[in-house]
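Enquirer: requesting a structural model of the entry that follows:
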Amino acid sequence: MSWFQRTDKGIKTSTKDKMDAPEGLWYKTPSGSIIHMRELKANAYVCPEDGYHVRIGSKEYFEILFDNNEFKELDASLSSGDPLNFVDSKPYPKRLKKVQEKTKLVDACRTAVGKMNQLEVVVACMDFSFIGGSMGSVVGEKISRAIDHALKHKIPFIMISKSGGARMMEAGYSLMQMAKTSAKLHLLSEAKVPYISYLTDPTTGGVTASYAMLGDFNISEPGALIGFAGPRVIRETIGRDLPEGFQSAEFVLEHGFLDFIVDRRHVKSKLSSLLKMLK
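Expert: Have a look, this model is predicted:
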C-alpha cells in the first residue's frame with residue numbers, strides 16, 4: 001500500500017507513518033539557512049551560507065585550536081563551594097550539582113595546555129552553558145592558575161571569553177576575581193609573555209570589565225555581543241536611544257576597542273601567525 005493517501009484536500013499522511021528527522025541532525029540559523037550538523041561541525045560551526053557563528057563551548061574550541069585535539073587539561077576537578085550559603089529558588093550547591101550533571105562540566109571555565117600549529121600555548125575557555133558562563137571564584141582561580149602556568153613556562157596565553165558576567169550567587173567573591181585576574185595579567189605583561197583575548201558571543205559584565213579587554217591583542221568573532229551592561233539598563237541610565245548594533249563586535253571594532261575580527265574558520269591560523277610574529 002502507498003505510504004500516503006491523496007484526498008480532495010491534498011496528500012494526507014498518517015501520524016504513525018510520518019518520517020521525522022532525528023533531533024539535532026539539522027541546524028537552522030536566525031536568517032533561515034539550514035545546514036546538516038555534520039557539515040556544520042566540519043565548518044568550525046559556522047554556516048557557510050550566511051557566515052553565522054553558532055555558539056559553542058570549550059570542547060569545540062579545543063578541537064578547533066589544539067593540534068589533533070591533543071592537550072593536557074589543568075585543574076580539571078576544581079569546583080565551587082558555597083561561601084555565602086546562598087539560597088534563592090534552591091540552595092546553590094544543589095543548583096551546581098544539577099548544572100554539572102546536565103552539562104558534564106565542573107564549572108564555567110576549562111583551561112588546558114597543548115600545541116597549536118606546533119606552537120605551545122595555554123588556553124582558557126569559558127562555557128556559556130554553565131550558569132550563563134558566569135564568573136565565580138573557580139573561574140577566576142582557574143584563569144589565574146593558567147596564567148601562572150604560562151608565566152612559569154614562558155608560553156603564550158589565550159583567553160576565550162563567553163559570559164553573562166559575575167556570578168550573583170557568590171557576590172563579592174565573584175567580583176574579587178576581576179582584580180585577581182587583572183593582577184595576574186599584569187605579571188604576564190611584565191614578563192613579556194603574549195596574551196591574546198578572544199571575545200565570543202556574548203561577552204558582558206565583569207568579564208568585559210576585566211580580563212576580556214586586557215589582551216595585548218583583543219580580537220573577536222563576527223557579530224559577537226560585547227558590552228558591560230545590557231541595552232535596556234544603559235538606555236534607562238543615560239536617558240537616550242542607542243545606536244543600532246552598538247554592542248556588536250563590528251561597532252566595538254569601529255570605536256577602537258578591538259584590534260580585529262576573525263572568522264572562526266581561520267582563527268587557528270590567524271592566532272598562530274600573530275604569535276609567530278610576536279616571537
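Enquirer: remind me which helix or strand residue 228 belongs to.
Expert: Element membership for residue 228 (DSSP states H and E) is empty, with no helix or strand holding it.
Enquirer: look up the closest residue to it, ignoring the ones flanking it.
Expert: In this structure, residue 228 finds its nearest non-sequential neighbour in residue 208, 5.3 Å apart by CB to CB, 6 or more residues apart in numbering. Just so you know, the C-beta spots here come from the backbone N, C-alpha and C atoms, and that holds for glycine as well.
Enquirer: now do residue 91
Expert: residue 82 (7.3 Å).
Enquirer: that neighbour touches residue 94, doesn't it?
Expert: No. The criterion here is CB atoms under 8 Å, and residue 82 misses it with residue 94 at 9.7 Å.
Enquirer: between these two, who's got more neighbours?
Expert: residue 82 (15 against 12; other CB atoms under 10 Å).
Enquirer: pLDDT wise, what is the more buried one at?
Expert: With respect to pLDDT, residue 82 scores 91.
Enquirer: find the helix or strand that residue 114 is a member of.
Expert: Short version, using DSSP H and E: residue 114 is in strand 109-116.
Enquirer: which is the next helix or strand following that strand?
Expert: strand 119-126.
Enquirer: just the angle between the helix or strand just after that following strand and strand 109-116, please?
Expert: Scanning forward in sequence from strand 119-126 by DSSP H and E, the next helix or strand is helix 137-153. Using axes from the mean of the first three to the mean of the last three CA atoms, to 10 degrees, the inter-axis angle of helix 137-153 relative to strand 109-116 is 30 degrees.
Enquirer: gap between the residue nearest to residue 268 when sequence neighbours are not counted and residue 202?
Expert: Spatial nearest neighbour of residue 268, chain neighbours left out: residue 65 (5.6 Å); criterion: CB to CB, 6+ apart. To residue 202, residue 65 is 20 Å away according to CB to CB, to the nearest Å.
Enquirer: one more: residue 56?
Expert: For residue 56 relative to residue 202 (CB to CB), the value is 13 Å.
Enquirer: same question for residue 231.
Expert: Taking CB to CB, one finds residue 231 at 12 Å from residue 202.
Enquirer: please say which of those two ends up with more neighbours.
Expert: residue 202 (23 against 13).
Enquirer: a helix runs through that one, doesn't it?
Expert: No. Checked against DSSP: H, G, I helix; E, B strand; the rest coil, residue 202 lies outside a helix; its state is strand.
Enquirer: residues in contact with it?
Expert: By CB atoms under 8 Å, 6 or more residues apart in numbering, the residues touching residue 202 are 128, 162-164, 224-227.
Enquirer: next step: those residues restricted to strands.
Expert: 162-163 (DSSP state E).
Enquirer: any chance of the contacts of residue 202 in JSON lines, plus distance to residue 111 and neighbour count?
Expert: Output for these, formatted as JSON lines (distance: CB to CB, whole Å; neighbours: other CB atoms under 10 Å):
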{"residue": "128", "distance to residue 111": "16", "neighbour count": "20"}
{"residue": "162", "distance to residue 111": "14", "neighbour count": "29"}
{"residue": "163", "distance to residue 111": "15", "neighbour count": "28"}
{"residue": "164", "distance to residue 111": "20", "neighbour count": "20"}
{"residue": "224", "distance to residue 111": "21", "neighbour count": "23"}
{"residue": "225", "distance to residue 111": "24", "neighbour count": "18"}
{"residue": "226", "distance to residue 111": "22", "neighbour count": "26"}
{"residue": "227", "distance to residue 111": "25", "neighbour count": "18"}
